[in-house]
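Novice: sequence and predicted structure, then a few things I'm wondering about:
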Amino acid sequence: MNAKRPLIAVLTGAGISTDSGIPDYRGPQGLWQKDPSAQELVTIGPYLEDPEVRRRAWRMRLETGALGAEPNAGHRALVDLERSGLPLRVLTQNIDGLHQRSGLTARKVLELHGNVRETQCLRCRVVGSMADALERVGAGEPDPACRECGGILKPRIVMFGENLDPEVLGQADSVVRVGDVFIAVGTSLQVFPVAGLPYNAVRTGAKLIIVNGEPTPYDEAAAEVIREPISQALPKLVRRLVLERA
Ligand code: ZN
């Protein structure tokens, strides 16, 4: 059995970043589900097999400028929560790096789907910077290869058709089993294995709080469901938690 400790686990999904101008790509209602030709750009099979898919994927990243997005009040609320001194871990399905950019301590953030700030070579696994790769695309290399070995580069994200990193998922699960509060923010909680995290939280006795515009399969199991927009709801919730637990 796991002993519960005063640790707040926060799972964040696409909803926390929409106020930063980043659309929901990946969720059940996300853009990638609605547009198969866009989904191809982040599906490992076509990405590996078809150089034209890779060229489109790099162009899309260059044009959408996701690296330029700024954190919003929802991200900053979690920084306030950390600074209050309450033990906190953030588990995120987002690949935008906005939690770290907002000032949250990097080691307290687990990126379940990786991140777009880095690239990885599919042959030698070397990690590089997305900014460097996009600079090469802008300078006329439509499908920049690994500088070490010539292998195919991809953003260091979990693509469709790839499994989540079992080590990262295992760490997330441990956090969830230990934490006495689990807050799910801006995530539909419909896509496994991440959708298994709130299940394990509740099963081990954590208090579940859901902040999401749409219903989730866990609403009935939650102690509290908040439907307000996240960038308004999260600062309020954080202030309340800090007062309650001070
Ligand atoms: Zn390589």
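Specialist: All right, it came through fine. Numbers count the residues shown, from 1 in each chain.

Novice: any regions of this protein where pLDDT drops low?
Specialist: Counting by pLDDT under 70, the chain shows low-confidence ranges at 1-2, 26-33, 65-67.

Novice: residues from it in reach of the ion?
Specialist: Contact residues, the chain versus the ion (C-beta under 5 Å from the ion): 121, 123-124, 146, 148-149, 151. C-betas here are computed from N, CA, C, even on glycine.

Novice: a markdown table for the residues you listed, including secondary structure and neighbour count?
Specialist: Output for the residues of the chain next to the ion, formatted as a markdown table (DSSP: H, G, I helix; E, B strand; the rest coil; neighbours: other C-beta atoms under 10 Å):
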| residue | secondary structure | neighbour count |
| --- | --- | --- |
| Cys121 | strand | 20 |
| Arg123 | coil | 14 |
| Cys124 | coil | 11 |
| Cys146 | coil | 19 |
| Glu148 | coil | 12 |
| Cys149 | coil | 13 |
| Gly151 | coil | 16 |
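
Novice: find the nearest non-adjacent residue to Gly103, please.
Specialist: Nearest residue to Gly103, sequence neighbours excluded (C-beta to C-beta, 6 or more residues apart in numbering): Val79, at 4.7 Å.

Novice: verify the stated contact: that neighbour with Gln100.
Specialist: No - if you go by C-beta atoms under 8 Å, Val79 and Gln100 don't touch, sitting 10.3 Å apart.

Novice: between the two, which one's more packed in?
Specialist: Set Val79 next to Gln100 and count neighbours by other C-beta atoms under 10 Å: Gln100 wins out with 20 against 17.

Novice: name the SS class of the residue nearest to Gly103, please.
Specialist: helix (DSSP: H, G, I helix; E, B strand; the rest coil).

Novice: for Asn163, same thing?
Specialist: Three-state assignment for Asn163 (three-state DSSP): coil.

Novice: in the protein, which spans are strands?
Specialist: Here the chain has its strands, by DSSP state E, at 5-12, 88-92, 109-111, 114-121, 127-129, 153-157, 179-185, 207-211, 224-226.

Novice: now do the helices in the chain.
Specialist: 31-34, 36-39, 44-49, 51-64, 73-83, 98-101, 130-138, 166-178, 196-203, 230-245 (DSSP state H).

Novice: closest to Val109 out of the ones you listed?
Specialist: Closest to Val109 of the helices of the chain, according to C-beta to C-beta: helix 98-101, at 4.8 Å.

Novice: residue contacts, the closest residue to Glu111 other than its chain neighbours?
Specialist: With sequence-adjacent residues excluded and distances taken as C-beta to C-beta, 6+ apart, Glu111 is closest to Thr92, at 5.8 Å. Residues in contact with Thr92 (C-beta atoms under 8 Å, 6 or more residues apart in numbering) are 11-13, 99, 109-113.

Novice: break the chain down into its structural domains.
Specialist: When the chain is parsed with automatic domain parsing, its domains come out as 1-22+71-113+163-246, 23-68+116-157.

Novice: most tightly packed of these?
Specialist: Most buried of these, by mean neighbour count (mean count of other C-beta atoms under 10 Å): domain 1-22+71-113+163-246, with a mean of 19.

Novice: might one say that Asp96 is in contact with Ser17?
Specialist: Yes - the pair formed by Asp96 and Ser17 meets the contact definition of C-beta under 8 Å, at 5.5 Å.

Novice: which residues do those two both contact?
Specialist: Ala69.

Novice: Ala184 pairs with what?
Specialist: Taking DSSP bridges as the rule, Ala184 bridges to Leu11, Ile210.

Novice: surely it is in contact with Leu208?
Specialist: Yes - the pair Ala184 and Leu208 qualifies as a contact (C-beta under 8 Å) at a distance of 7.2 Å.

Novice: separation between the residue in the chain sticking out farthest from the centre and the ion?
Specialist: For the chain, the C-alpha farthest from the mean C-alpha position belongs to Gly140; by C-alpha atoms, centre = their mean, that distance is 30.4 Å. When C-beta to the ion, to the nearest Å is the yardstick, Gly140 and the ion sit 21 Å from each other.
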